[in-house]
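Starting from these lines, generate the structure:
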Amino acid sequence: METENLPMEPGGTTPTAGAKKASGADTTGEPIDVVIAWVDGSDPKLAEKRNRYSGKTAVPVSSGAHPTRFASSNEIRYCVLSVLRFAPFVRNIFIVTDGQDPGISDDVNRYFPGRSGSIRIVDHTEIFEGYEDCLPTFNSISIANMIWRIRGLAGHFVYFNDDTFLVRNITPEEWFIDGRPVMRGRWVPAARPRVVLDRMRKWFYRHLAGRPDYQPRASFHLGQWNAATLLGFRFRYFTNSHTPHPVGRGLVEDFLIKNVTLLRKNISYRFRDHSQFTFISLSNHLQLLDGNRNIARPAVVYLKPENRGPDYIDKKITLCERDPGIIYMCAQSLDLVEEKERMKLFSWLDGILGL
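Numbering: from 1, shown residues only. Sure thing, here's the model as predicted:
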């Protein structure tokens, strides 16, 4: 499955979704659902379970087991309400979690009466049915690999992390054009140098530094590269951004059903592992091989406010307000910043959502 003949415009992208949208767009009538992965790491039961399987109570931030990866600062509230406010065409919202309840029903009933019936909590036991030996899992990569198994999920759905919000009104064509997902990101060179460096580091720590259980860090880009190489991409790959991700369920479901052994291995890790491939990258590269050329710029403002200056969040908010091309905001690790900084962001979100 050679990839080097994929057409590209100067600068490394194919025509944008916005350009396509101006001439009409998706008229298939396929319903669109949203899937949100969520966890409340402050839940004592979940924390105890996580520590029991990790074997640690204090782990480095770089680890996929660090508590900040599971912490919740009520981002899920704004994620759900932003979808209801700015994408009212969404049929259902599925919140995937581990025996928890995000407690957003009162807000939904208050601000969007009549929509509570379109929101369903999906437990890990539902999507891991038949794979119960892989539970419990604390691995977002493993969980994402199974979301296509949600009962009643539309053929077109959009995968959100709970720390990502819509900040403007959108149309379905921001997500699907002519029945195909819009992929936000860009082409980048192969990640082989990172792979080689990880192998050298692994050999050093295991054979010279006396750490026989050492594993390289699971990185955002390496998981995408793993998916690309799995499908035959060799010289470059398409890297996605920290945005919601539209998915055409049919292609990725068909692939994973035909490759059950591969799927089982990928979801067997309870915490993130450097060898895993990511679900969204798998979906995107399957789409590319199938001829999908709906590629757009990220259209996101990304916040990671820990240890930033006092005007960091203000600048990000101003950027959202001034640039009409921004439709998403991703705010990571809000649990690590002061309360007044979180409230600055949440107050702004309250305003644009009309809460």
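
so what's Val182 up against?
Contact analysis of Val182 by C-beta atoms under 8 Å, 6 or more residues apart in numbering lists Ala17, Glu173, Glu174, Trp175, Phe176, Pro246, Asn294, Ile295, Ala296. Bear in mind the C-beta positions are built from the backbone N, C-alpha and C, glycine included.

and if you look at Gln276?
Going by C-beta under 8 Å, 6+ apart, the list of residues near Gln276 reads Asn139, Ile141, Ser142, Ala218, Gly223, Asn226, Asn266, Tyr269.

Highest neighbour count among those?
Among the contacts of Gln276, Asn266 has the most neighbours (other C-beta atoms under 10 Å), with 27 neighbours.

Against Asn259, how distant is that one?
9 Å (C-beta to C-beta, to the nearest Å).

what does Ile127 give?
From Ile127 to Asn259 the distance is 17 Å (C-beta to C-beta).

Have a look at the two and say which one is more surrounded.
More crowded of Ile127 and Asn259, by other C-beta under 10 Å: Ile127, with 23 against 13.

Surely the more buried one touches Leu153?
No - using C-beta atoms under 8 Å, Ile127 is not in contact with Leu153; the gap is 9.6 Å.

shared neighbours of those two, anything?
Joint contacts of Ile127 and Leu153 (C-beta under 8 Å, 6+ apart) are Ile147.

ok, now which ones touch the residue nearest to Pro298 when sequence neighbours are not counted?
Nearest residue to Pro298 in three dimensions, chain neighbours excluded: Ser241, at 3.8 Å (C-beta to C-beta, 6 or more residues apart in numbering). Contact analysis of Ser241 by C-beta under 8 Å, 6+ apart lists Arg184, Gly185, Pro298, Val300.

Pick the one among the contacts of Val182 closest to Ile313.
Glu174 (25.0 Å; C-beta to C-beta).

returning to what we had before: and the residue nearest to Pro298, how close does it get to Glu30?
From Ser241 to Glu30 the distance is 24 Å (C-beta to C-beta).

Please report phi then psi for Leu166.
Per-residue torsions, Leu166: phi -80, psi 140 (degrees, to the nearest 10).

what bits of the chain have low per-residue confidence?
1-27, 55-73, 192-209, 213-220 (pLDDT under 70).

Please enumerate the strands of it.
Assigned by DSSP state E, the chain shows strands spanning 32-37, 93-97, 119-123, 156-161, 164-166, 176-177, 180-181, 183-189, 236-240, 245-248, 295-296, 300-303, 328-331.

Of those strands, which stretch is the most buried?
Most buried of the strands of the chain by mean neighbour count (mean count of other C-beta atoms under 10 Å) is strand 245-248; its value is a mean of 26.

who's in contact with that strand?
Contacts of strand 245-248 (C-beta under 8 Å, 6+ apart): 148, 155-159, 175-176, 179-184, 280, 283-284, 287.

rerun that using 7 Å as the cut-off
By C-beta atoms under 7 Å, 6 or more residues apart in numbering, the residues outside strand 245-248 that reach it are 155-159, 175-176, 180-182, 280, 283, 287.

Ok, stretch 322-333 next?
68, 75, 163-168, 170, 174, 242-244, 299-304, 306, 319-320, 345.

Report the separation between the residue nearest to Pro298 and Ser281.
12 Å.

cool, Ser347 as well?
35 Å.

what's the answer for Asn292, then?
Using C-beta to C-beta, Asn292 is found at 14 Å from Ser281.

neighbours of Ser283, just the number please.
For Ser283, using other C-beta under 10 Å, the count is 26.

before we move on, what about the one 4 residues further on?
Counted with other C-beta under 10 Å, residues neighbouring Gln287 total 23.

dump the residue contacts of it.
Arg180, Pro181, Met183, Gly248, Leu251 are the contacts of Gln287 under C-beta under 7 Å, 6+ apart.

Repeat the analysis, applying 10 Å as the threshold.
By C-beta atoms under 10 Å, 6 or more residues apart in numbering, the residues touching Gln287 are 180-183, 238, 246-248, 251-252, 293-295.

cool, Phe238 as well?
3, 6, 13, 183, 185-188, 224, 227-228, 281, 284-285, 287-288, 295.

at 8 Å instead, please
By C-beta under 8 Å, 6+ apart, the residues touching Phe238 are Met183, Gly185, Arg186, Trp187, Val188, Gln224, Ala228, Ser281, Asn284, His285, Leu288, Ile295.

Would you mind measuring from the third one to Glu339?
Arg186 is 36 Å from Glu339, where distance means C-beta to C-beta.

cool, the second one as well?
Taking C-beta to C-beta as the measure, Gly185 and Glu339 are separated by 34 Å.

Same question for the fifth one.
Here Val188 is placed at a distance of 37 Å from Glu339 (C-beta to C-beta).

Next: Val122.
Taken as C-beta to C-beta, the span from Val122 to Glu339 is 31 Å.

ok, Trp175 touching Val158?
Yes - using C-beta under 8 Å, Trp175 is in contact with Val158, at 5.5 Å.

which residues do these two both contact?
With contacts defined as C-beta under 8 Å, 6+ apart, the residues adjacent to both Trp175 and Val158 are Ile32, Pro244, Pro246.

What is the nearest of these to Leu135?
Nearest to Leu135 among these, counting by C-beta to C-beta, is Pro244 at 25.8 Å.
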